[in-house]
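**Q** got a structure for you, letters missing:
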(Lines give C-alpha, C1' and ligand atoms only; values in the text may rest on other atoms or scores of the structure.)
Protein backbone atom coordinates (compact mmCIF):
# COMPACT_ATOMS: atom_id res chain seq x y z
CA UNK A 1 0.00 0.00 0.00
CA UNK A 2 1.03 3.58 -0.46
CA UNK A 3 0.43 6.92 1.27
CA UNK A 4 -0.82 9.98 -0.60
CA UNK A 5 0.69 13.27 0.58
CA UNK A 6 -1.03 16.38 -0.73
CA UNK A 7 -0.79 20.16 -0.44
CA UNK A 8 3.00 20.03 -0.56
CA UNK A 9 5.22 23.03 -1.04
CA UNK A 10 6.58 23.30 -4.58
CA UNK A 11 10.06 23.50 -3.01
CA UNK A 12 9.88 20.02 -1.45
CA UNK A 13 12.38 17.32 -2.43
CA UNK A 14 12.38 13.54 -2.16
CA UNK A 15 15.01 13.88 0.56
CA UNK A 16 12.73 16.21 2.56
CA UNK A 17 9.88 13.71 2.42
CA UNK A 18 12.14 10.78 3.21
CA UNK A 19 13.39 12.59 6.32
CA UNK A 20 9.91 13.38 7.63
CA UNK A 21 8.44 9.92 7.02
CA UNK A 22 11.54 8.12 8.34
CA UNK A 23 10.53 9.34 11.80
CA UNK A 24 7.63 6.86 11.61
CA UNK A 25 9.45 3.82 10.19
CA UNK A 26 11.35 2.58 7.18
CA UNK A 27 10.67 4.40 3.93
CA UNK A 28 10.76 2.06 0.94
CA UNK A 29 10.07 4.57 -1.81
CA UNK A 30 9.11 8.20 -2.40
CA UNK A 31 7.49 9.29 -5.68
CA UNK A 32 7.33 13.04 -6.27
CA UNK A 33 5.57 13.64 -9.62
CA UNK A 34 6.67 16.61 -11.71
CA UNK A 35 4.90 18.49 -14.47
CA UNK A 36 5.95 17.21 -17.91
CA UNK A 37 6.25 20.65 -19.45
CA UNK A 38 7.76 22.71 -16.64
CA UNK A 39 9.58 20.05 -14.60
CA UNK A 40 8.10 21.65 -11.47
CA UNK A 41 6.87 19.52 -8.57
CA UNK A 42 3.08 19.05 -8.81
CA UNK A 43 2.31 19.52 -5.11
CA UNK A 44 1.70 15.92 -4.11
CA UNK A 45 3.65 12.71 -3.56
CA UNK A 46 3.33 9.02 -2.79
CA UNK A 47 5.29 7.37 0.01
CA UNK A 48 5.66 3.63 0.57
CA UNK A 49 6.69 2.44 4.00
CA UNK A 50 7.87 -0.92 5.34
CA UNK A 51 4.68 -1.98 7.14
CA UNK A 52 0.99 -1.08 7.41
CA UNK A 53 1.57 -0.08 11.05
CA UNK A 54 4.26 2.42 10.01
CA UNK A 55 1.97 3.86 7.34
CA UNK A 56 -0.90 4.22 9.82
CA UNK A 57 1.40 5.90 12.34
CA UNK A 58 2.65 8.39 9.73
CA UNK A 59 -0.88 9.16 8.49
CA UNK A 60 -2.19 9.71 12.03
CA UNK A 61 0.71 12.01 12.92
CA UNK A 62 1.04 14.01 9.70
CA UNK A 63 -2.50 14.49 8.33
CA UNK A 64 -3.33 18.14 8.93
CA UNK A 65 0.15 18.95 10.25
CA UNK A 66 1.77 22.21 9.15
CA UNK A 67 5.02 21.65 7.23
CA UNK A 68 6.96 24.03 4.99
CA UNK A 69 4.16 26.59 5.36
CA UNK A 70 1.41 24.20 4.25
CA UNK A 71 -1.20 22.05 6.02
CA UNK A 72 -0.53 18.53 4.78
CA UNK A 73 -3.20 16.17 3.52
CA UNK A 74 -2.01 12.63 4.26
CA UNK A 75 -4.03 9.45 3.72
CA UNK A 76 -3.95 6.00 2.17
CA UNK A 77 -3.50 6.27 -1.57
CA UNK A 78 -6.39 5.06 -3.67
CA UNK A 79 -5.58 2.59 -6.44
CA UNK A 80 -5.03 4.23 -9.80
CA UNK A 81 -8.19 4.13 -11.89
CA UNK A 82 -8.08 2.30 -15.18
CA UNK A 83 -8.89 5.03 -17.68
CA UNK A 84 -8.95 2.71 -20.67
CA UNK A 85 -6.81 3.14 -23.74
CA UNK A 86 -8.76 6.02 -25.30
CA UNK A 87 -9.36 8.38 -22.37
CA UNK A 88 -11.95 11.09 -22.68
CA UNK A 89 -15.52 9.86 -22.86
CA UNK A 90 -14.56 6.18 -23.09
CA UNK A 91 -16.59 5.80 -26.29
CA UNK A 92 -13.66 4.56 -28.34
CA UNK A 93 -14.20 4.68 -32.10
CA UNK A 94 -17.95 4.02 -32.18
CA UNK A 95 -19.92 5.60 -34.98
CA UNK A 96 -23.31 7.13 -34.31
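**A** Yep, that arrived. Keep in mind that this is a model prediction, so the values were computed, not measured.
**Q** Now do the strands in this structure.
**A** Assigned by DSSP state E, the chain shows strands spanning 3-6, 27-31, 44-49, 66-67, 70-71, 73-76.
**Q** Just put those in JSON lines and tack on distance to residue 12.
**A** Yep, even glycine has a C-beta here, placed from its N, CA and C like the rest. As requested, the strands of the chain are exported to JSON lines (distance: least, CB to CB, whole Å):
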{"stretch": "strand 3-6", "distance to residue 12": "9"}
{"stretch": "strand 27-31", "distance to residue 12": "10"}
{"stretch": "strand 44-49", "distance to residue 12": "7"}
{"stretch": "strand 66-67", "distance to residue 12": "9"}
{"stretch": "strand 70-71", "distance to residue 12": "9"}
{"stretch": "strand 73-76", "distance to residue 12": "13"}
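**Q** want to throw those into TSV with mean pLDDT and mean neighbour count?
**A** Shown next, in TSV, are those (pLDDT from 0 to 100; neighbours: other CB atoms under 10 Å):
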stretch	mean pLDDT	mean neighbour count
strand 3-6	98	20
strand 27-31	97	16
strand 44-49	98	20
strand 66-67	97	12
strand 70-71	98	13
strand 73-76	97	16
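**Q** how about these, which one is nearest residue 19?
**A** For residue 19, the closest of the strands of the chain is strand 27-31, at 9.0 Å, according to CB to CB.
**Q** Enumerate the beta-bridge partners assigned to residue 30.
**A** Beta-bridge pairing of residue 30 under DSSP bridges involves residue 47.
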